[in-house]
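> Sequence and predicted structure, then a few things I'm wondering about:
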Amino acid sequence: MLEPKTGIKTQLKAAVAQALGALGVTEPPEIVVQETPAGKEGDYGTPVAMGLARVLRKAPPQIATEIIEKLQPPQWVKRAFMTGGYINFELDPAFLVQAAARPAQPAPVSGGKVLVEHTSVNPNKELHVGHLRNVCLGDSLARILRFAGRNVEVMNYIDDTGRQAAESLYALEYFGLGSSEGYGKYDHWVGDAYVRLHQEMEDPEKKAVIEQGVQQTLHKLEAGELRAEVDKILRSQLQTMYRLGAEYDAFVWESDIVREGLLAKAMKALEGSPYVSRPTEGKYAGAFVMDTSAFIPGLEDPYLVLVRSNGVSTYTAKDIGLQFWKMGLLEGIKFQEYDTQPSGAKLYTTHPQGGPMPFGGALETVNVVDARQSHALRIVQASLEVEGRHDLAEGCFHLAYETVLLEGKQMSGRKGIVVSVDEVMDEAAKRVLAVIAEKNPDHPNPQEAAEQIGVGAVRFAMIKTESKKQIDFRYDQALSFEGDTGPYVQMAFARTCSILRKAEEQGVINEQADFSQATPYEVELAKILARFPEVVQDAARIKAPHVVAQYLLDLSAAWHSYFNAKTPDGKAATRVLDAPTGLRGLRLELVKALRQTLRQGLELVGLQAPEVM
RNA sequence: GCACCUGUAGCUCAGUGGAUAGAGCGUUCGCCUCCGGAGCGAAAGGUCACAAGUUCGAGUCUUGUCAGGUGCGCCA
């Protein structure tokens, strides 16, 4: 049988390019090959002739016809023909189905390192649904980039010297809270104290006292004296991330960066640039400022203070220092082992007693940060230009996501108007358990399945929409298990497992496939299945996890539709196990490929693939 | 004021400059004697915010307008 060396579309493009060469087209346009719309003749087509009309001074149909005459298509192209200016290809169905049935493999690793930073939640209270979108996007993108052949490193930044951490730790002291015993999860317990502290601060007298205490705590944090206390909160938060399926390579603590003097090194590195200065008069007298006007046009005031006139660095300066470390412009952070993650992979952390580790030094970075910080991240990017590293600035990508509303309203961590991620996952699993009890009372392990499906529903809801669109978190919508949801995709997977299980029982699982028996039903499904590798590459290129999620919905819909297909007289058209010998083998091959692709696709967006639902 | 993002069916959203703009939810009507009905089929539902432009071709690119969101401190 015919074997495709590369993708179907790639080979069709090559054939067209070759024909254009034979026609003497010296500067061929980019050749686009796409699936034909439903109802059109052929399987794939290209509008390349239209674009050439002006150059060649001929009508598109004539050009298309001439290209077809010169075309030497692969032998699996049954027919190449012109229709309305398009060149369409009808493929040998047997080839198409067989090609689609080959399981997709991860691309071999190549290129420089890409460092993905996500989560970066203040270590002072439990994660809420606003953080949820960050974790899901970042973790999914890391998985997609890895599959696409990138060398990926995942980092989580711990702001342990920030005001939020100080407020939480001081709240414990202020209220004299000793033990969280009997309360539940530790980060929730601390978070409650934090919210109570803010209520307390509405009283001006108490506020003054609290302010003093917070300042003292802040100093202790900066000196690294409260590391164990912060760590306890962090490890509690980490349980939530693990439950979501997110894992990391390294945690980077702000206090460690400060102690190693990275910030000072970054400022020193910038000093040589013509874009920074220390004005002696005017608005910025005495401060160390950066002029971004050459790199960020249209700003009213392009000057940015890095170090204030009192010698204290700004927040942005810290971000710049971290970015310089990420991209190898600075070195000198020490790491040690921190945890063994659920997958078995080691997690490392910066630590005063650590040793050098090969983290950082990436050619490309992805910062998963909400869209409100777009300006700050543009400045970080501009700082790389200021440093004369245009190459690195181009590799600095901000994965911006819009905020998550809660039932139509803005959330507030300070006021406690939030829903925690733990709460959402509990509720989701609970609801799934009820569905399982109703639909599949004999389920062998309902608890485990409910967890996988419930968490899957939540994760899928977080990534199926383009990141720059605001989403409104509504329980009924996020925890729906019908339609465009994670469970819909998981159900498609479970269905392939169910059929293959039965095929095994009946001893037909390894039946020889006769691809020549492929029907239009199989061809239609195969075309969508064959899209998988390029979908993942596209998602990796534009760094958009929702592309994979949307594809999984398409693939699942095509498979459910195939499964239920009926002939015009209402009989089941696509039975797998009851099909004649050879055709049954073909359909089993297709189902195996579907199972593999759905499992792989679910993994890319961080969903478990339960075999029984 | 300036900058960035968004505007597609009643609602929530997909949609490489290419063929008749697609899903889900909701509404209506159907489909288990059948490999899992968390599923499938069909119907109804569209001024792709508005206007001009570029192009053989615009939901997609450019400019302007309108509407919504966000950001713009020697705060953190």
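Yep, that arrived. Numbering: from 1, shown residues only, chains lettered A, B, ... in the order given.
> any weak-confidence spans in the stretch 301-450 of chain A?
Of all residues in the stretch 301-450 of chain A, none has pLDDT under 70.
> Quick check: residues of it near RNA strand B?
Within the stretch 301-450 of chain A, the positions lying close to RNA strand B (CB under 7 Å from any atom of the strand) are A:301, A:305, A:308-310, A:312, A:314-316, A:371-372, A:374-376, A:402-403, A:410, A:432, A:435-436, A:439-440, A:449. In short, each C-beta sits where N, CA and C put it, glycine included.
> Specify the local secondary structure of A:Leu588.
Under DSSP: H, G, I helix; E, B strand; the rest coil, A:Leu588 falls in the helix class.
> measure it to RNA strand B for me?
Per CB to the nearest atom of the strand, to the nearest Å, A:Leu588 is found 9 Å from RNA strand B.
> Just give me the neighbour total for that residue.
23 (other CB atoms under 10 Å).
> what does A:Ile257 give?
For A:Ile257, using other CB under 10 Å, the count is 23.
> which other residues reach whichever strand or helix holds it?
Assigned by DSSP states H and E, A:Ile257 belongs to helix A:254-259. The contact list for helix A:254-259 (CB atoms under 8 Å, 6 or more residues apart in numbering) reads A:157-162, A:221-222, A:224, A:227, A:263, A:318, A:321-322, A:325, A:333-334, A:350-352.
> Out of the residues you listed, which end up buried?
Among these, those scoring as buried are A:157-162, A:221-222, A:224, A:227, A:263, A:318, A:321-322, A:325, A:333-334, A:350-351 (criterion: 16 or more other CB atoms under 10 Å).
> phi, psi of the nearest residue to A:Gln410 once chain neighbours are set aside?
The shortest distance from A:Gln410 to any non-neighbouring residue, by CB to CB, 6 or more residues apart in numbering, is to A:Thr403 (7.4 Å). With angles defined as degrees, to the nearest 10, A:Thr403 sits at phi -70, psi 160.
> ditto for A:Ala101
According to degrees, to the nearest 10, A:Ala101 has phi -80, psi 0.
> I'd assumed A:Leu590 was in contact with it.
Yes: applying CB atoms under 8 Å as the test, A:Ala101 and A:Leu590 come out as touching, 5.6 Å apart.
> So if I had to pick from those two, which one is more boxed in?
A:Leu590 (27 against 24).
> I figured that one hits A:Ile528, correct?
No: using CB under 8 Å, A:Leu590 is not in contact with A:Ile528; the gap is 11.3 Å.
> ok, back up a step: cross the residues of the stretch 301-450 of chain A next to RNA strand B against helices and list the overlap.
A:Tyr315, A:Thr316, A:Ser374, A:His375, A:Ala376, A:Val432, A:Val435, A:Ile436, A:Lys439, A:Ala449 (DSSP state H).
> which of those sit farthest apart?
Among those, the pair separated by the greatest distance (CB to CB) is A:Thr316 and A:Lys439, at 53.0 Å.
> And these two? Which one has more around it.
The residue with more neighbours, out of A:Thr316 and A:Lys439, is A:Thr316; 18 against 10, by other CB under 10 Å.
> Can you pull up the most central residue in chain A?
A:Leu141 (2.5 Å; CA atoms, centre = their mean).
> contacting residues around the closest residue to it other than its chain neighbours?
What sits nearest to A:Leu141 in space, not counting adjacent residues and going by CB to CB, 6+ apart, is A:Pro545, at 5.3 Å. Residues near A:Pro545 by CB under 8 Å, 6+ apart: A:Cys136, A:Leu137, A:Ser140, A:Leu141, A:Ile144, A:Ile463, A:Ser467, A:Ala539, A:Val605.
> if you set the cut-off to 10 Å instead, what comes out?
A:136-144, A:399, A:462-464, A:466-467, A:539, A:604-606 (CB atoms under 10 Å, 6 or more residues apart in numbering).
> Report the buried members of those.
A:136-144, A:399, A:462-464, A:467, A:539, A:604-606.
> what's the burial count for A:Arg474?
14.
> Which parts of the stretch 451-600 of chain A are helices?
A:475-478, A:486-505, A:520-529, A:532-542, A:545-564, A:583-604 (DSSP state H, counting those that start in this stretch).
> buried sites along the lowest-mean-pLDDT helix or strand in chain A?
Here the helix or strand of chain A ranked lowest by mean pLDDT, DSSP states H and E is helix A:475-478, holding a mean of 84. Residues of helix A:475-478 classed as buried: A:Ala478 (neighbour count, 16+ other CB under 10 Å).
> Whichever residue of the stretch 401-550 of chain A sits closest to RNA strand B: what's it in contact with?
Proximity to RNA strand B, evaluated over the stretch 401-550 of chain A using CB to the nearest atom of the strand, is greatest for A:Gly483 at 2.2 Å. Residues near A:Gly483 by CB under 10 Å, 6+ apart: A:Gln477, A:Leu553.
> likewise the one 4 residues further on?
By CB under 10 Å, 6+ apart, the residues touching A:Pro487 are A:428, A:432, A:435, A:452-454, A:456-457, A:460, A:479-481, A:494, A:607, A:610, A:613.
> Please enumerate the helices of the stretch 151-300 of chain A.
A:163-174, A:186-200, A:204-222, A:227-244, A:254-259, A:262-271.
> how about the shortest one, does it get close to RNA strand B?
Spelled out, that is helix A:254-259. No: Helix A:254-259 is not in contact with RNA strand B by CB under 7 Å from any atom of the strand; minimum separation 10.0 Å.
> From RNA strand B, how far off is the nearest residue to A:Pro533 once chain neighbours are set aside?
Once flanking residues are discounted, A:Pro533 sits nearest to A:Ala104: 5.2 Å by CB to CB, 6+ apart. Using CB to the nearest atom of the strand, we find A:Ala104 at a distance of 17 Å from RNA strand B.
> can I assume A:Ala104 is in contact with A:Glu603?
No: counting by CB atoms under 10 Å, A:Ala104 stays clear of A:Glu603, with 11.7 Å between them.
> Between those two, tell me which one has more neighbours.
A direct count of neighbours by other CB under 10 Å for A:Ala104 and A:Glu603 places A:Ala104 higher, at 18 against 15.
> who's in contact with the more buried one?
Counting by CB under 10 Å, 6+ apart, the residues that A:Ala104 touches are A:Phe147, A:Leu529, A:Ala530, A:Phe532, A:Pro533, A:Val535, A:Val536, A:Ala593, A:Gln596, A:Thr597, A:Gln600, A:Gly601.
> How about A:Arg196?
Contacts of A:Arg196 (CB under 10 Å, 6+ apart): A:Ala171, A:Tyr174, A:Phe175, A:Leu177, A:Gly416.
> Are any of the residues you listed buried, and if so which?
Buried, going by 16+ other CB under 10 Å: A:Ala171, A:Tyr174, A:Gly416, out of these.
> Can you pull the phi/psi pair for the spatially closest residue to A:Ala526 that is not a sequence neighbour?
In space, A:Ala526 comes closest to A:Ala100 once its chain neighbours are excluded; the distance is 3.5 Å by CB to CB, 6+ apart. Backbone dihedrals for A:Ala100, given as degrees, to the nearest 10, come out at phi -70, psi -30.
> What separation is there between A:Ala100 and RNA strand B?
16 Å.
> doesn't A:Leu52 make contact with A:Arg60?
In this structure residue A:60 is Pro, not Arg. Yes: using CB under 10 Å, A:Pro60 makes contact with A:Leu52 at a distance of 7.6 Å.
> what sits in contact with each of A:Ala104 and A:Glu603?
A:Phe147.
> re earlier: pick the most deeply packed of the helices of the stretch 451-600 of chain A.
Scoring the helices of the stretch 451-600 of chain A by mean neighbour count under mean count of other CB atoms under 10 Å gives helix A:583-604 as the most buried, with a mean of 23.
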